[in-house]
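Chemist: Give me coordinates for this.
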Amino acid sequence: MLNRRHLRIKALQNVFAWQMADKKDLLSSKKALMKSIDDVYEMYVRMLALISEITEYTAVDAIERSNKHFPTEEDLNPNQKLLHNRFIVLLQKNPEFQAAVNKYQINWNAEPDFIKTIYNKLKSTPEYAAYLAGDNEGLEESKEIIKFIFRKIILKSQNIIQAFEDRFINWSVDKEVMQGMVAKTLKNFTSEDPFENKLTPISLDWPEDSKFVQDLFTYTLKNYDKYQELIAERTKNWESERIALMDTILMKMAICELLNFPSIPVKVTINEYLDLSKDYSTPKSNSFINGILDKILGDLKRSNSIKKIGRGLIDE
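Modeler: Numbering: from 1, shown residues only. Got it, this is the predicted structure:
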């Protein structure tokens with residue numbers, strides 16, 4: 001699931017894109033922000049659908065083997081245990097999953113050679129052989145081979161990685177979230193009734209988180225020049241060309257959060273953006289941003305501009 005750090009990253013990426021765009025349209029940029037978040041959920045559903053399709057290929061493989069010129073006894077009577085994997089059967093019958101597959105128009109059948117290659121790689125592993133040799137499985141037992149397919153076959157396949165990278169521009173950033181959502185789905189599917197199992201939501205409280213990320217993005221852009229003035233006042237000894245654009249955006253977003261989100265403690269805001277600077281800006285950005293934000297925070301406190309709900313949220 002997406003947490004607040006992930007949502008800040010989404011806002012950061014889209015504020016940067018807005019800054020670099022020739023035509024700056026807030027409404028279109030906001031739609032792009034929400035699309036980038038929805039892409040994470042599509043990535044997750046697409047991955048579940050891929051796992052499902054790999055298990056379905058068991059039936060195709062059985063037909064191909066039986067149609068050999070000189071089929072063996074094993075070819076004529078292949079073990080199709082994976083086709084009836086309990087977790088996958090429940091997933092396929094799950095109405096949430098069915099609706100999401102339809103929404104995103106996911107169809108891995110369009111790439112049969114792609115699926116065949118993955119399935120053949122799975123067939124050659126000792127883990128798959130051990131799975132086929134095992135006794136009848138329950139729901140929990142059925143998940144183990146799915147975990148293996150996901151972690152050791154799919155995520156190790158360069159062809160699959162390339163396919164997802166081609167479709168999702170933020171794959172490198174979002175893949176860890178997707179992996180966590182798949183893992184959580186495997187954990188949470190505990191009922192034999194497909195209507196009782198739930199897919200992993202995009203966030204723990206999407207109505208609240210959706211408002212947070214949209215407000216953070218919108219308020220940052222609407223007050224872009226105002227926040228620039230606050231930064232300029234505290235960077236008079238710095239040539240503007242020497243300040244990295246990403247540093248400026250991070251500081252503006254931090255100022256936005258300090259001024260417009262009364263329930264978020266000041267210390268949390270400062271620490272979050274200092275942490276983001278380590279991953280998204282220069283090696284020296286962390287100390288630079290920390291020093292400037294500390295001065296701006298002092299200015300905002302003296303002007304009584306920071307309004308927080310709850311005791312200690314300004315000083316904590």
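Chemist: which stretches of the stretch 101-250 of the chain form helices?
Modeler: Secondary structure of the stretch 101-250 of the chain (DSSP state H, counting those that start in this stretch): helices located at 112-123, 126-133, 139-148, 158-167, 171-188, 206-222, 224-233, 245-260.
Chemist: which outside residues touch whatever helix or strand comes next after the last one?
Modeler: Heading C-terminal from helix 245-260, the first helix or strand you meet, by DSSP states H and E, is helix 266-280. With CB atoms under 8 Å, 6 or more residues apart in numbering as the test, helix 266-280 has contacts from 4-5, 8-9, 12, 246-247, 250-251, 253-254, 257-258, 261, 285-286, 289-290, 293-294, 297, 306, 308, 313-316. Glycine gets a C-beta too; all of them are placed from N, C-alpha and C.
Chemist: hmm, 7 Å instead?
Modeler: Contact with helix 266-280 is made by 5, 8-9, 12, 246, 250, 253-254, 257-258, 285-286, 289-290, 293, 297, 306, 313-314, 316, as judged by CB atoms under 7 Å, 6 or more residues apart in numbering.
Chemist: if we can go back for a sec, figure out which of the helices of the stretch 101-250 of the chain is closest to Lys81.
Modeler: helix 126-133 (5.5 Å; CB to CB).
Chemist: quick check: angle from that closest one to helix 139-148?
Modeler: Computed with axes from the mean of the first three to the mean of the last three CA atoms, to 10 degrees, the direction of helix 126-133 lies at 150 degrees from that of helix 139-148.
Chemist: about what we covered before: go ahead and build a PyMOL selection from the buried members of the contacts of helix 266-280.
Modeler: Those of these that count as buried under 16 or more other CB atoms under 10 Å are selected in PyMOL with:
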select buried, resi 8+9+12+246+250+253+254+257+258+285+286+289+293+297+313+314
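Chemist: Relative to the whole chain's centre, how far out is stretch 68-83?
Modeler: 39 Å (CA atoms, centre = their mean, to the nearest Å).
Chemist: In that stretch, which residues are buried?
Modeler: So for stretch 68-83, counting by 16+ other CB under 10 Å, buried means 78, 81-83.
Chemist: Residues contacting it, please?
Modeler: Stretch 68-83 is touched from outside by 55-56, 58-59, 62, 65-66, 132, 145, with contacts defined as CB under 7 Å, 6+ apart.
Chemist: Looking at pLDDT only, which of these scores worst?
Modeler: Least confident entry in the contacts of stretch 68-83, by pLDDT: Arg65, with 83.
Chemist: Now do the contacts for that one.
Modeler: 71, 75, 78.
Chemist: Among the contacts of helix 266-280, which lie within helices?
Modeler: Counted as lying in helices by DSSP state H, out of the contacts of helix 266-280, are 5, 8-9, 12, 246, 250, 253-254, 257-258, 285-286, 289-290, 293, 297.
Chemist: Farthest pair within the residues you listed?
Modeler: Based on CB to CB, the longest span within the ones in helices among the contacts of helix 266-280 runs between Ile9 and Leu297 and measures 22.2 Å.
Chemist: out of the helices of the stretch 101-250 of the chain, nearest to Val89?
Modeler: Using CB to CB, these put helix 139-148 closest to Val89, at 8.5 Å.
Chemist: Dump the helices of the stretch 101-250 of the chain into a markdown table; add distance to Leu48 as well.
Modeler: Shown next, in a markdown table, are those (distance: least, CB to CB, whole Å):
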| stretch | distance to Leu48 |
| --- | --- |
| helix 112-123 | 14 |
| helix 126-133 | 19 |
| helix 139-148 | 10 |
| helix 158-167 | 13 |
| helix 171-188 | 7 |
| helix 206-222 | 19 |
| helix 224-233 | 39 |
| helix 245-260 | 33 |
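Chemist: of all those, which lies closest to Leu91?
Modeler: helix 171-188 (8.0 Å).
Chemist: now the angle between helix 158-167 and that closest one, please.
Modeler: Going by the same axes, to 10 degrees, helix 171-188 makes 110 degrees with helix 158-167.
Chemist: Tell me which other helices or strands helix 171-188 touches.
Modeler: helix 26-66, helix 139-148 (3 or more CB pairs under 7 Å, 6 or more residues apart in numbering; DSSP states H and E).
Chemist: Okay, Thr72 and Ser66: tell me how far apart.
Modeler: 10 Å (CB to CB, to the nearest Å).
Chemist: Quickly list what's touching both of these two.
Modeler: With CB under 7 Å, 6+ apart, Thr72 and Ser66 have no common neighbours.
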